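1. how would this look folded up:
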Amino acid sequence: MIDALTIAEKLDLRPPTAEQRAVIEAPLSPALVVAGAGSGKTETMANRVLWLLANGMAAPSEVLGLTFTRKAAAELGERIGRRIDQLGAAGLLPLADGRTEPDPFDAPTVSTYNAFANTIFRDNAALIGREGDATVLSEASAWHLARGVVADTADPRILEVEASIDRLTDLVVSLAHDLADNLADPAEVAAFAEDFVRIRGLPRGSKGSGAYRDVEKAVQAVGALPVLTALAERFQEAKAERGFVEFSDQVALALRITERVPKLIDEHRARYRVVLLDEYQDTSVLQTRLLSRLFAEQGVMAVGDPHQSIYGWRGASAEGLGRFGVDFGSAARFSLSTSWRNGHGVLAAANAVVEPLAAGSAVPVDRLAAGPAASGHPVELTFPETIEEEADDIARWFAGRLAESPEPPSAAALFRVRAHMDRFAAALAKHGVRYHILGIGGLLRQPEIADLVAALTVVEDPAAGSELVRLLAGARWRIGVRDLRALRDLASWLASRDHAHRLLPEEVRERMRASVTEGEGGSIIEALDFIASRRPGEDGRIDHSALSAFSETGLARLHDAGTLFARLRARAGLDLLDFTTLVEQELGLDIEVEANESRSDGRANLEAFRDAVSGYLQTDDRGAGTGSSLRGFLRWLVLADKRDGLAPRPEDPEPGTVQLLTIHGSKGLEWDLVAVPRMVDGELPGTPVEGFRGWVRLGAMPYAFRGDAAELPDLDWRGCETQKDVVDAIGDFGAVLRERNEAEERRLAYVAVTRARHHLLLSGSWWAGQSKPRGPGVFLRDLAEAGTIPELPVEPANPENPLDRAPRTFRWPHDPLGSRGERVRAAAGRVRLAEPALLGARGEDVRLLLAERAVRLAGGERVELPVRIPASRFKDVVSAPEEVAAQLRRPMPERPYRQTRLGTTFHSWVENRFGIQGEAEAVDTFPDEFDDLGESTEERDRLAALVETFERSEWADRRPEAVEIEIHLQLAEHVVVCKIDAVYPDGDGFQIVDWKTGRAPEDAADLELKQFQLALYRLAFAKWKGVPLERIDAVFYFVADDLVLRPERFYSERELSESLSSALGARPRP
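-> Predicted coordinates for the structure are as follows:
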């Protein structure tokens, strides 16, 4: 028996600690490892695999590793694969009979939980009457399908539910997921609700008459479940009829298959002797049921941390770790309690935050201890009077820390919610600190993108009054308060008239008023259309009795706005990407961001939004009933924004840049510098939007039907004899939910604190936008009591909000030119006066412009590009930086989705062929390649030809090390994003292959430019893998031509850096 210390010594690895060795050498039976934040669980799991393989207890192909995101799966798979290679090189890997070297196809399976379940479903779908190649619906497509179900229903009970059709759709989708995730019977849920509403008939139990308000609210909420469950069932039926599934369906369908076909259980148990379950605290009840059915009593090792269970909203539970022994059989327990990430001060704060959770923890959790190399920086605190001062303090802290570091450190500000991100971003910008609001949620909050989305919404939705007001009151039209009020009055005037603008009878108007809900009725968009429909007279004035309240200037501007939107609606049938670009240019946003001297990221934001549109088209343009409609895209933005704040982020830290993101999004990441703002009462810890009503709210599934019902609080409504008893029971129920919420928030704070390696700043302030001061939250108070942070202020210096007292005068409409207005207008006047002379002197103008261009090309001006540069665009940056910058300034309409769809589909086919999950995508998807090509026979034929050629190539019989991996390479002052198609073992090194579905280059110059991409891939992979650059080869494979091209030589890191710096007009680094 080879022990873990010997293996570490032979492989030149750090010797495992006593805790790690116990985990590594644990028997091949169910085991639970409680691993604290930063405790090296991934390395420990990889080393356990080595120990099992070295001792002949399993073969590599008998190892299954599961985690949540593709990025985590790729990291775990890469770590295990690298360790196995080292084991083989050291002669410690047992070989099969007759073999002299390891079998490259005898490799572990590392995947995400959903991908594993989806494989079971796809391979066996016919056994339950489903299609294995079912289209996986995007969230937006699923929502629109559900909306159609709601809109088509003839169930009269729906009229009793006080909710809009969009809100009803949200409820139906959510309830359908809850029913599926908990294997609940819709009929039983409906019967439960019908029983519950009988509490309305109980005696009041106190003085007064009628039902209690709380009882009435509870009855209305729970009483809607019968019709909502019926619609949820119909939604599931509609998906099955059309051959669709959602990601949330995959696990339920896989479980149903294992119940119908028991032999699959035997097959999986024989195939996988070793099962590693990562982030086990985040698994749902349904995932646990599937895994326990397959692998109970097997060699399953689950690794998790109850203190990091922050995804309760998606069915995960901290109590799941406590049920592991019940689900998988009697289990040994281990602990990893040394943090190799956090400094002493950070760990002291982390332990103090979660100390109150110890008594109620589902499993014992040891206090985290610092590793031998831990830094000793104390946790810092700022708690000024106002949120403006708080944001300024954090910005100055980041500026100072970034400036004092010889190498750019990674940095992040972690927020409980997104609401205050813009304010803190503005403070960072004020102090000259580079920042990046991560995800599409951050992008949507940039002013040029907010305007663009508002315009798209106005075109699509006639009720988008708020979005229209944003645009009308903005820099383009600058409509004042008086004219906006007149527009509202015009909307009311139109609502009371027929199509010929005749006043409707009083009784008709009364019925109309009674039939609409708040927010409906007159539409200011329809009012704007009315103005646009009026043709100005010869004097340019627009006359109509209903328009008398408008100012002459305001009416002219409104007519211009209405005409523009009418013009856009007429072209709304354009391709979505083209239409988005058209709206951008009609609003002049491309010109505005170019002219804005105070912000340099506007062009990059518009380009990132175009990328988001392309990404939507790639996931949704497959005929799922919604196509690439504008409405579908806008709904996708809403869903993407919501998902963005709650899901782990796939982006890597960017040294020298402060990343702004939510705490939920920070899970699995770490930074050198971390600030956690707004740790005040009501924010962190926060309270749920719906309050503490649990399942007694509209559309919620009763806890009795959840798989983790035993760990959830009980509402004893059946034992109530009066309505007063029901009210008291609901109050007690809410109190328990409040305690559970504080525990959830405490875990969230723990995750935030433990993201910091060295420096941690916690902050809050008394006054933001509220009328009462918000003092330090309970987590800050706990830390102060433990002596981890300085003493907290006891009360605010100001008894009233100083932000309210500060005089605030606004000039509306705002002059977009600000203090420069008079100078700019005077200059424009002089240009107009000189126009006749200018028209006659064009030759001089051309000479001046050419001279300016010569100076610029000679290096007199630095080309500004985004920090992140795709490797595929590097050759363009180097060969034509001005053209790349110009494209970012005013991009031309194009269709990257249709042009690249064949290539994208081929890449997906290769990835799926080898069964390796890449990390380029953050979410768990498994596309059906041919469905991606829609109805195009030509494209299907081209894909078939590419597949046939590939199967004849040398790559078909070789097993790749990895496919579709994304690596971020720091080069000069930029991050080059390298998306590598495939990496193959090549002797003692590796070979990178970049698939090309287009034609091969026709000349040496073109190939020379293209080799930048391969050189970047080699450098990035060498740094990522930790191997010498000379051991890595790289080639292009042009599939259509069956041609392999390899550059005669590869650029070095210095040459790449110098090429980039030279192209951007900067002096190369030494």
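2. how about low-confidence regions in the stretch 901-1050 of the chain?
-> Within the stretch 901-1050 of the chain, the segments meeting pLDDT under 70 span 901, 912, 914-938, 972-973, 1002-1005.
3. mind listing the strands for it?
-> Counting by DSSP state E, counting those that start in this stretch, the segments of the stretch 901-1050 of the chain that form strands are 962-971, 974-986, 989-996, 1032-1038, 1043-1045.
4. Serialize these to JSON lines and add fields for distance to Pro702.
-> (Each C-beta comes from the backbone N, C-alpha and C, glycine too.) Formatted as JSON lines, the strands of the stretch 901-1050 of the chain follow (distance: least, Cβ to Cβ, whole Å):
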{"stretch": "strand 962-971", "distance to Pro702": "42"}
{"stretch": "strand 974-986", "distance to Pro702": "46"}
{"stretch": "strand 989-996", "distance to Pro702": "51"}
{"stretch": "strand 1032-1038", "distance to Pro702": "57"}
{"stretch": "strand 1043-1045", "distance to Pro702": "62"}
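5. dump the ones you listed to JSON lines, plus distance to Pro406 and mean neighbour count.
-> Output for the strands of the stretch 901-1050 of the chain, formatted as JSON lines (distance: least, Cβ to Cβ, whole Å; neighbours: other Cβ atoms under 10 Å):
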{"stretch": "strand 962-971", "distance to Pro406": "15", "mean neighbour count": "21"}
{"stretch": "strand 974-986", "distance to Pro406": "19", "mean neighbour count": "21"}
{"stretch": "strand 989-996", "distance to Pro406": "32", "mean neighbour count": "20"}
{"stretch": "strand 1032-1038", "distance to Pro406": "29", "mean neighbour count": "20"}
{"stretch": "strand 1043-1045", "distance to Pro406": "41", "mean neighbour count": "14"}
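6. ok, which of those comes nearest Thr581?
-> Among those, the nearest to Thr581 by Cβ to Cβ is strand 974-986 (22.9 Å).
7. for Glu237, see how far away the nearest residue to Asp672 once chain neighbours are set aside is.
-> The shortest distance from Asp672 to any non-neighbouring residue, by Cβ to Cβ, 6 or more residues apart in numbering, is to Pro409 (3.7 Å). Taking Cβ to Cβ, to the nearest Å as the measure, Pro409 falls 54 Å from Glu237.
8. more neighbours: these two, which one.
-> Using other Cβ atoms under 10 Å, the more surrounded residue of Pro409 and Glu237 is Pro409, with 19 against 11.
9. the stretch 601-750 of the chain: strands as residue ranges?
-> For the stretch 601-750 of the chain, the strands defined by DSSP E, counting those that start in this stretch cover 658-662, 671-676.
10. what pairs with the first one, and is each one parallel or antiparallel?
-> Strands adjacent to strand 658-662 in the sheet, as given by DSSP bridges, are strand 411-415 (parallel), strand 435-437 (parallel).
11. of all those, which one is nearest Thr754?
-> Thr754 sits nearest to strand 411-415 of all those, at 10.8 Å, using Cβ to Cβ.
12. from the chain's centroid, how far away is that closest one?
-> Centroid separation between strand 411-415 and its chain, computed with Cα atoms, centre = their mean, to the nearest Å, is 16 Å.
13. average pLDDT across that strand?
-> For strand 411-415, mean pLDDT is 97.
14. show residues contacting the next helix-or-strand element following it.
-> Going down the chain from strand 411-415, the next helix or strand is helix 421-430, by DSSP states H and E. Contacts to helix 421-430, defined as Cβ atoms under 8 Å, 6 or more residues apart in numbering, come from residues 387-388, 391-392, 394-395, 398, 413, 415, 434-435, 437, 442, 445, 599, 658, 660, 677.
15. which of those residues count as buried?
-> Applying 16 or more other Cβ atoms under 10 Å to the contacts of helix 421-430, the neighbour count classes 387-388, 391-392, 394-395, 398, 413, 415, 434-435, 437, 442, 658, 660, 677 as buried.
16. Gly205: which of those residues is nearest?
-> Gly205 lies nearest to Phe415 out of those, by Cβ to Cβ, at 44.9 Å.
17. so the closest one touches Gln659, yeah?
-> No: with contact defined as Cβ atoms under 8 Å, Phe415 does not reach Gln659; the gap is 11.1 Å.
18. endpoints of stretch 950-962, how far apart?
-> Stretch 950-962 stretches 17 Å from its first residue to its last (Cα to Cα, to the nearest Å).
19. list the buried residues in it.
-> Of the residues in stretch 950-962, those buried (16+ other Cβ under 10 Å) are 950, 955, 958, 960-962.
20. for the stretch 751-900 of the chain, what spans make up the helices?
-> 778-785, 802-805, 821-833, 835-839, 842-855, 874-879, 881-889, 896-914 (DSSP state H, counting those that start in this stretch).
21. what about the strands of the stretch 901-1050 of the chain, which gets the closest to Trp493?
-> Here strand 974-986 is closest among the strands of the stretch 901-1050 of the chain (Cβ to Cβ), at 54.3 Å.
22. and the angle from that closest one to strand 989-996?
-> Interaxial angle of strand 974-986 relative to strand 989-996 (axes from the mean of the first three to the mean of the last three Cα atoms, to 10 degrees): 110 degrees.
23. quick revisit: closest one to Ala570 out of the buried ones among the contacts of helix 421-430, please.
-> Closest approach to Ala570 among those (Cβ to Cβ): Gly442, at 32.9 Å.
24. which other helices and strands does the strand or helix carrying the closest one contact?
-> According to DSSP H and E, Gly442 maps onto helix 439-444. Counting contacts by 3 or more Cβ pairs under 8 Å, 6 or more residues apart in numbering; DSSP states H and E, helix 439-444 is packed against helix 447-460, helix 602-620, helix 630-646, strand 658-662.
25. quick one: which of the ones you listed is nearest Leu137?
-> The closest approach between Leu137 and any of those, judged by Cβ to Cβ, belongs to helix 602-620 at 9.0 Å.
26. where do the strands sit along the stretch 201-350 of the chain?
-> Using DSSP E, counting those that start in this stretch, the strands of the stretch 201-350 of the chain run over residues 244-245, 274-277, 299-304, 332-336, 338-339.
27. how far is the second one from where the chain is centred?
-> Centroid separation for strand 274-277 versus its chain: 27 Å, with Cα atoms, centre = their mean.
28. quick one on the thing from earlier: least confident of the strands of the stretch 601-750 of the chain, on average?
-> Note on those: strand 658-662 shows the lowest mean pLDDT, a mean of 94.
29. for that one, the distance to its chain's centre please.
-> 12 Å.
30. tilt between that strand and strand 671-676?
-> Angle between the axes of strand 658-662 and strand 671-676 is 50 degrees (criterion: the same axes, to 10 degrees).
31. wait, which of the buried residues of stretch 950-962 is closest to Ile310?
-> Ala962 (29.5 Å).
32. average pLDDT for stretch 1055-1070?
-> Stretch 1055-1070 shows a mean pLDDT of 67.
33. tell me how far the ends of stretch 198-213 are from each other?
-> This stretch, stretch 198-213, spans 15 Å end to end (Cα to Cα).
34. give me the mean pLDDT for it.
-> If you average the pLDDT over stretch 198-213, you get 83.
35. with stretch 31-48 instead?
-> Mean predicted confidence for stretch 31-48 is 95.
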